[in-house]
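# need a structure here:
(one chain, ligands or ions: 1)
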Amino acid sequence: MNSWVSGCEDRIQFGLKLLSWYDSNKRSTAWRDTGNPYHIWVSEIMLQQTRVDQMESYFTRFINVFPTIEDLASAEEDKVLKAWEGLGYYSRARNMLKTAREVVTKFNGKIPETYDQLLDLPGIGPYTAAAISSIAYGHGNAVLDGNVVRVLSRLFKISSDPGKTMIKAEMMEIAKKLLVSERPGDFNQAIMELGACVCTPKTPKCNVCAVSSKCRAYIELDDPTILPKKKKKKLKPHYQVVAGLIWRDYEVLIAQRPENGMLGGLWEFPGGKQEEGESFEECLIREIREELDFEIVVEDPLHSIDHSYSHFKITLHLYCARYFSGRPKAVGCADWCWISPDRFDDFAFPKSDLKIIDYLKNTEYFKSVL
Ligand code: SF4
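Numbering: from 1, shown residues only. As a prediction, this is how the structure comes out:
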């Protein structure tokens, strides 16, 4: 598998070519080259599920709200979730808050340097620990993310499934051998950048690739995109979900999701998944009883949106409803409150509800009350 990676001369040549390409072609970002370990940590946590080109505005917003790790450590969780809004996978934001508090109390506010110390912090796995220690502190730890796996699979024509532990371990060995010890952080970023911008999944730009002379897939295969070996995609289940815009006088009810579940701690228009044989209206009435223990009258359908999560898809049907009787109780949710619609921006909502809020803000009625 390793072919030229064992030759010292070849490795040096490869490193020089890759770094020279990176120096001239890297995308400019708000966090690169700052050398600020706090910024690098925040960016690496965001990058776990978000592409570089989509992340800039989220990063800038977050750093504006929490300019230092001390600001983050002293924040309420609600405020952190609000600053994270739109990025998804909210457990990352909650873990960042825990990590910030730990770094302030145990490390005097300085993000730790070593791979092992970083790995002990909440929300930091092997990839993130290697990325932070190499990029922020110049430690010689190689990274292996999806981009690196793709580039290595093609460079060394690795046709085994990279999801297998043994193959992953072999790839990590290759990544460690290739790492340029004088510039480990730049090398890690360069190989990831090559995967993101040149050696892309479906249309690699081999004709302009700085390392094509070292690439076995390019030299030996008609089509490098057959690598890495892909897993068969499972079809995502699709659920129908109903939510209520429940009015009492001039306020609507929003509910907070339980802390430990999916999208924990975020606020939403209450409702839930339609059960077999149930109409949308019946579903909404049942969900409100189960979650909040009060009675509503369901009125008109307002809007529907489609939304995709990592393991399933939903169509979310929003209905207008009115409070009827009972006092809401947080039975199946963490909390609830009545708010005027001009306060939507004070709460952190998941993306599906933000799509609904966007829609509402453009309706004539809402324009008049907002
Ligand atoms: Fe990827 Fe093509 Fe470059 Fe090989 S030559 S690393 S397949 S872009």
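
# And the contacts of stretch 22-31?
Outside stretch 22-31, the residues within contact range by Cβ atoms under 8 Å, 6 or more residues apart in numbering are 32, 39-40, 42-43, 52-53, 55-56, 59-60, 63, 186, 189-190, 193-194, 197. Where you see a C-beta, it was placed from the backbone N, CA and C, and this is true even at glycine.

# G88 against Q49, yeah?
Yes - counting by Cβ atoms under 8 Å, Q49 is a contact partner of G88 at 6.2 Å.

# returning to what we had before: give me the buried subset of the contacts of stretch 22-31.
Taking 16 or more other Cβ atoms under 10 Å as the criterion, what is buried in these is 32, 39-40, 42-43, 52, 55-56, 59, 63, 186, 189-190, 193-194, 197.

# contact partners of the host helix or strand of Q189?
According to DSSP states H and E, Q189 maps onto helix 184-197. Under the contact criterion Cβ under 8 Å, 6+ apart, helix 184-197 has outside partners 15, 18-19, 21-23, 25-27, 32, 51-52, 130-131, 134-136, 138-143, 145-148, 150-151, 175, 178-180, 209-211.

# hang on, the earlier thing: compare G88 and Q49 and say which is more crowded by neighbours.
When G88 is set against Q49 and neighbours are counted by other Cβ atoms under 10 Å, the residue ahead is G88, at 15 against 12.

# who's in contact with Y359?
H303, I305.

# one more time with 10 Å, if that's ok
Contacts of Y359 were listed using Cβ atoms under 10 Å, 6 or more residues apart in numbering, and they are L302, H303, S304, I305, L318, F366.

# Please report the distance of it from the ligand.
From Y359 over to the ligand the distance is 41 Å, taken as Cβ to the nearest ligand atom, to the nearest Å.

# residue of the stretch 51-200 of the chain with the smallest distance to the ligand?
The ligand sits closest to C199 of the stretch 51-200 of the chain, with a gap of 3.2 Å, by Cβ to the nearest ligand atom.

# so that residue makes contact with G146?
No - counting by Cβ atoms under 10 Å, C199 sits too far from G146 to count as a contact (11.3 Å).

# With neighbour numbers in mind, choose between these two.
C199 (29 against 14).

# Name the nearest residue to that one, sequence neighbours excluded.
V151 (4.9 Å; Cβ to Cβ, 6 or more residues apart in numbering).

# any common contacting residues for G88 and Q49?
In contact with both G88 and Q49: S310, using Cβ under 10 Å, 6+ apart.

# just to revisit the earlier point, the residue of the stretch 51-200 of the chain closest to the ligand is in what secondary structure piece?
Going by DSSP H and E, C199 is not part of any helix or strand.

# 359 is where my numbering starts, stick with that
Done: numbering now begins at 359, and the last item shifts to C557.

# Need the pLDDT of it.
In this model, C557 is scored at 98, pLDDT.

# Tell me where the protein has strands.
596-606, 609-614, 625-626, 629-631, 653-666, 671-683, 693-697 (DSSP state E).
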